[in-house]
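Q: model this:
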Amino acid sequence: MDNNYSSEKINNNLALLKELTSSKEVGNYTLKKLISISCKYAISYLCTKYAKDRIKFLNLGFTFEDIANDSIIPLLLKNSKTKEIGIVKSYKDWKAPINTDAQAQYFFYRIITNRVDQEVTKILRDADPFFSKILNAVNYVIEKNNWQKITYCGSVYIANKNMGTNKKFMNHDEFDAIPPKLFFGNMTKVITNIFTHLKNEPELYSAIPLNQLIKKIKFSHMNSFVDIPSSSGFDNEEKLDIEVITANCLMIVFQRLDEFYFKKGKITLDEKKILAKVLTELARDLKNGGQSRGLYLYMKDHIPNLTNEMFYQKYHQILDYLFRQLKTEIVSNLEVRI
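A: A predicted model of the protein is given here:
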């Protein structure tokens, strides 16, 4: 992937980088050029890596332009102590030489696309209670074990105290090569096992990319509920049974739908059935990565002639409340072992 990192050739990267790093105060003209080049790289990356998710983001209220703009903001903000903007800090952390325009282009691309991945993860996390709960558990374990969270080139890593020197941070392919069985067990065990695994990778720092770890843990558990061989190296009791949790929480929400709205005459039987179907679809999507579109579009699938105005007048308050309750129930019932 890194060898073909931009679909668009953007010139004068090296000149811009020198402007950014040659003086303490970055002028408005230079800042505008940085914003322009950053948005181009960010949108190019989004159109390549997240093309299949464009409609999902649109339905959640985000265009690729919105995501690109939000992604690059940390690169433009000044550090309160050093007074340097974020991109300059990333430049100082960068280990490889930057002597040519191609090298400068690669630097900008890596920093900006890492920021895009962080922003996409934030959006998906907000739409995915499972991700949020696992992340909270991992953050607690990091603090409990006195591990560190460090940022390198826009990505957050969990670092061991003795992470090593003169090595490199693992990339996506190296992370994906970690044996799947290491991602099962309580959170402390998972992270400890990966640190142990990294001892056998002398060229890599003892540092784990945080967002990739969360996604991998969720994916591993989502796909591990059937036919687990005894040789796989983990205990059935250590799995997060997301299917069962979601089904149980859905039944609780159905009871509220029945008692709070149907029995009190606020909705008809047909409307109750439609809302139940929509909540079931929302629950399914939560298991598979998060809400895929706006609530109105979920309802419109079942009421084709439903207008946006009608939805907000009749159904939005009910569905929004019940959906929030569903997510709250899932989070409270999801016990992530730490």
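Q: alpha carbons only for contacts and neighbour counts from here, please
A: OK.
Q: the domain parsing of the chain - what is it?
A: 2-126, 130-234, 242-333 (automatic domain parsing).
Q: Including mean pLDDT and mean neighbour count, could the ones you listed go into TSV?
A: Shown next, in TSV, are these (pLDDT from 0 to 100; neighbours: other CA atoms under 10 Å):
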stretch	mean pLDDT	mean neighbour count
domain 2-126	85	16
domain 130-234	80	16
domain 242-333	91	16
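Q: roughly how far apart are the residue most central in space within the chain and residue 210?
A: Nearest to the mean C-alpha position of the chain, by CA atoms, centre = their mean, lies residue 121 at 1.7 Å. Note on residue 121: its distance to residue 210, by CA to CA, to the nearest Å, is 11 Å.
Q: Now do the closest residue to the residue nearest to the centre of the chain other than its chain neighbours against residue 155, distance only.
A: Distance criterion CA to CA, 6 or more residues apart in numbering; nearest residue to residue 121, sequence neighbours excluded, is residue 211 at 7.1 Å. Relative to residue 155, residue 211 is positioned 8 Å away (CA to CA).
Q: One more: residue 249?
A: Residue 249 is 34 Å from residue 155, where distance means CA to CA.
Q: ditto for residue 261
A: Residue 261 is 45 Å from residue 155, by CA to CA.
Q: same question, residue 50
A: To residue 155, residue 50 is 18 Å away according to CA to CA.
Q: How about residue 327?
A: In this structure, residue 327 and residue 155 are 27 Å apart, going by CA to CA.
Q: ok, now residue 303?
A: 43 Å.
Q: residue ranges of the strands in the chain, please?
A: Applying DSSP state E to the chain gives strands spanning 148-152, 155-159, 207-209.
Q: Nearest to residue 216, out of those?
A: Evaluated over those, closeness to residue 216 peaks at strand 207-209, with 10.6 Å, by CA to CA.
Q: Distance from the closest one to the middle of the chain?
A: Its chain's average C-alpha position is 15 Å from that of strand 207-209, according to CA atoms, centre = their mean, to the nearest Å.
Q: elements contacting that strand?
A: Here strand 207-209 touches strand 155-159, helix 187-198, going by 3 or more CA pairs under 8 Å, 6 or more residues apart in numbering; DSSP states H and E.
Q: please redo it, this time with the cut-off set to 7 Å
A: Strand 207-209 sits against strand 155-159, with contacts defined as 3 or more CA pairs under 7 Å, 6 or more residues apart in numbering; DSSP states H and E.
Q: Packing partners of the strand it packs on?
A: helix 101-126, strand 148-152, strand 207-209, helix 210-222.
Q: Kindly calculate the angle that it makes with helix 101-126.
A: 80 degrees (axes from the mean of the first three to the mean of the last three CA atoms, to 10 degrees).
Q: Does residue 330 touch residue 250 like I think?
A: No: in this structure residue 330 lies outside contact range of residue 250 using CA atoms under 7 Å: 8.8 Å.
Q: on that earlier part again, tabulate the strands of the chain in TSV, adding columns for distance to residue 265.
A: Output for the strands of the chain, formatted as TSV (distance: least, CA to CA, whole Å):
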stretch	distance to residue 265
strand 148-152	52
strand 155-159	50
strand 207-209	51
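Q: do you know which of these lies nearest residue 54?
A: Nearest to residue 54, of all the strands of the chain, is strand 155-159, at 22.4 Å by CA to CA.
Q: which residues are contacting the closest one?
A: Contact with strand 155-159 is made by 114-115, 118, 147-151, 206-210, as judged by CA atoms under 7 Å, 6 or more residues apart in numbering.
Q: same check, this time on stretch 163-179
A: If you take CA under 7 Å, 6+ apart as the criterion, stretch 163-179 is touched by 203-207.
Q: Can you pick out the most distant pair from these?
A: Once CA to CA is applied, the contacts of stretch 163-179 give 203 and 207 as the farthest pair, at 11.7 Å.
Q: For the contacts of stretch 163-179, could you give me TSV that also reports distance to residue 316?
A: Listed next are the contacts of stretch 163-179 as TSV, based on distance: CA to CA, whole Å:
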residue	distance to residue 316
203	53
204	50
205	49
206	48
207	44
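Q: Closest to residue 83 out of these?
A: Using CA to CA, residue 207 comes nearest to residue 83 of the contacts of stretch 163-179, at 27.7 Å.
Q: beta partners for the closest one?
A: Applying DSSP bridges to residue 207 gives these bridge partners: residue 159.
Q: correct me, but it touches residue 161?
A: No: with contact defined as CA under 7 Å, residue 207 does not reach residue 161; the gap is 9.5 Å.
Q: now the farthest one out in this structure, which residue is it?
A: For the chain, the largest distance from the centre (CA atoms, centre = their mean) belongs to residue 265, which lies 40.6 Å off.
Q: Next, give phi and psi for that one.
A: phi 80, psi 20 (degrees, to the nearest 10).
Q: Contacts only, for it.
A: No contacts exist for residue 265 under CA under 7 Å, 6+ apart.
Q: Relative to residue 62, how far out is it?
A: For residue 265, the distance to residue 62 - CA to CA - is 36 Å.
Q: Now residue 264: phi and psi?
A: Dihedral angles (degrees, to the nearest 10) for residue 264: phi -90, psi 10.
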